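Enquirer: build me a model:
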Amino acid sequence: MKIVVIGGTGLIGSKLVTKLGEHGHEAVAASPNTGVNTITGEGLADALAGASVVIDVSNSPNWEDAAVLEFFETSTRNLLAAEAEAGVGHHVALSVVGTERLLESGYFRAKLAQENLIESSSIPYSIVRATQFFEFVPSIADAATQDGKVHLAHVFFQPIAGEEVAQAVGRVAVAAPLNGQAEVAGPDRFRMDEFFRQVLAAGNDSREVVTDPDAMYYGISPAESALVPDGDAILGETSYTTWSGRAAADS
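Expert: Numbers count the residues shown, from 1 in each chain. Take a look at the predicted model:
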């Protein structure tokens, strides 16, 4: 089966291309780096020729409100139109758990607009919503740092290894279209402040973690359960401790 991965050279996309190839599929990494641009349309028709499935794990290079909305709307419209022309039978997109609960952020408004375009298209689809990746834990801590202290709210947090996100997306892609959504999250649920307090201490990071009910998460003041699944979800198997130990050994 030919499967085109939009954003196929990025963190999740590169893992997807590898996993799909290992299972005997013709996995094509499509990104500006490989001559495929979903904004301009460059290389899109050629990449999609003969494809059965398209997986979109691309992300906007600019998170400013207007720019990120323009990226996801333009990219998704161009992609869906090219898929219809090519006869693609399944569109799969990676999104974020809790998107509709995080609309204070222009980024999540843009992700919701992307989902709406997919759902209104004639192409059978599956949307996989994931929680935050383990790989983003350091950048989340840095973004929350003020005057040398990490300010985080006491909200639920259920991160997952990028490898297991790719695995879940790949499994959905080779199955029948859901024409709906699936959610994927890590095996363990924490309170965000407590999780980062443990992680920073384990990594000998001297920053103090402050439990702050007014702390913002990338410009959002999330409700207690906004960042975690509110129903059944596909759960990863790898704990953060196990993942970070492997990452340290590989570095």
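
Enquirer: contacts made by stretch 32-42 with the rest, please.
Expert: Outside stretch 32-42, the residues that touch it by Cβ atoms under 8 Å, 6 or more residues apart in numbering are 6, 8-9, 30, 43-44, 47, 58, 71, 74-75, 78-79, 82. Using the backbone N, CA and C atoms, a C-beta is placed for each residue, glycine as well.

Enquirer: and Leu152, what are its bridge partners?
Expert: Here Leu152 sits in beta bridges with Thr211, going by DSSP bridges.

Enquirer: that one and Phe190 touch, don't they?
Expert: No: contact status for Leu152 versus Phe190: not in contact, 10.8 Å apart, counting by Cβ atoms under 8 Å.

Enquirer: between those two, point out the one with more neighbours.
Expert: Set Leu152 next to Phe190 and count neighbours by other Cβ atoms under 10 Å: Leu152 wins out with 25 against 19.

Enquirer: the more buried one and Phe134: what is the separation?
Expert: As judged by Cβ to Cβ, to the nearest Å, Leu152 and Phe134 stand 16 Å apart.

Enquirer: got it, and Asn116?
Expert: Taking Cβ to Cβ, one finds Asn116 at 29 Å from Phe134.

Enquirer: compare these two and say which one has the larger neighbour count.
Expert: Using other Cβ under 10 Å, the more surrounded residue of Asn116 and Phe134 is Phe134, with 23 against 12.

Enquirer: go ahead and confirm that one touches Gly245.
Expert: No: in this structure, Phe134 is not within contact of Gly245 by Cβ under 8 Å, at 11.5 Å.

Enquirer: pull the number of nearby residues for Leu102.
Expert: Residue neighbour count, defined by other Cβ under 10 Å, stands at 23 for Leu102.

Enquirer: an error on my part: the question was meant for Glu22.
Expert: 10.

Enquirer: next, it: phi, psi?
Expert: phi -60, psi -20 (degrees, to the nearest 10).

Enquirer: start at 5, not 1
Expert: Noted, 5 is the first residue going forward, which turns the last one into Glu26.

Enquirer: and it, what's its pLDDT?
Expert: Looking at Glu26, its pLDDT is 96.

Enquirer: could you list the low-pLDDT ranges of this protein?
Expert: Residue ranges of the chain with pLDDT under 70: 255.

Enquirer: what about the strands in it?
Expert: Using DSSP state E, the strands of the chain run over residues 6-10, 30-34, 57-60, 94-100, 129-134, 149-150, 153-156, 160-161, 184-189, 194-195, 212-215, 238-239.

Enquirer: who does the fourth one pair up with?
Expert: Think strand 94-100. Applying DSSP bridges, strand 94-100 is found paired with strand 57-60 (parallel), strand 129-134 (parallel).

Enquirer: let's have these in TSV, adding mean neighbour count and distance to Gly39.
Expert: What follows is the strands paired with strand 94-100, written out as TSV (neighbours: other Cβ atoms under 10 Å; distance: least, Cβ to Cβ, whole Å):
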stretch	mean neighbour count	distance to Gly39
strand 57-60	28	16
strand 129-134	23	25
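
Enquirer: to Thr242, which of the ones you listed lies closest?
Expert: Across the strands paired with strand 94-100, the minimum distance to Thr242, taken as Cβ to Cβ, is reached by strand 129-134, at 13.8 Å.

Enquirer: ranking the strands of the chain by burial, who's on top?
Expert: Of the strands of the chain, the one with the most neighbours on average (mean count of other Cβ atoms under 10 Å) is strand 57-60, at a mean of 28.

Enquirer: neighbouring contacts of that one?
Expert: The contact list for strand 57-60 (Cβ under 8 Å, 6+ apart) reads 5-11, 17, 20, 52, 79-80, 83, 87, 92-98, 173, 177-178.

Enquirer: nothing else from me, thank you.
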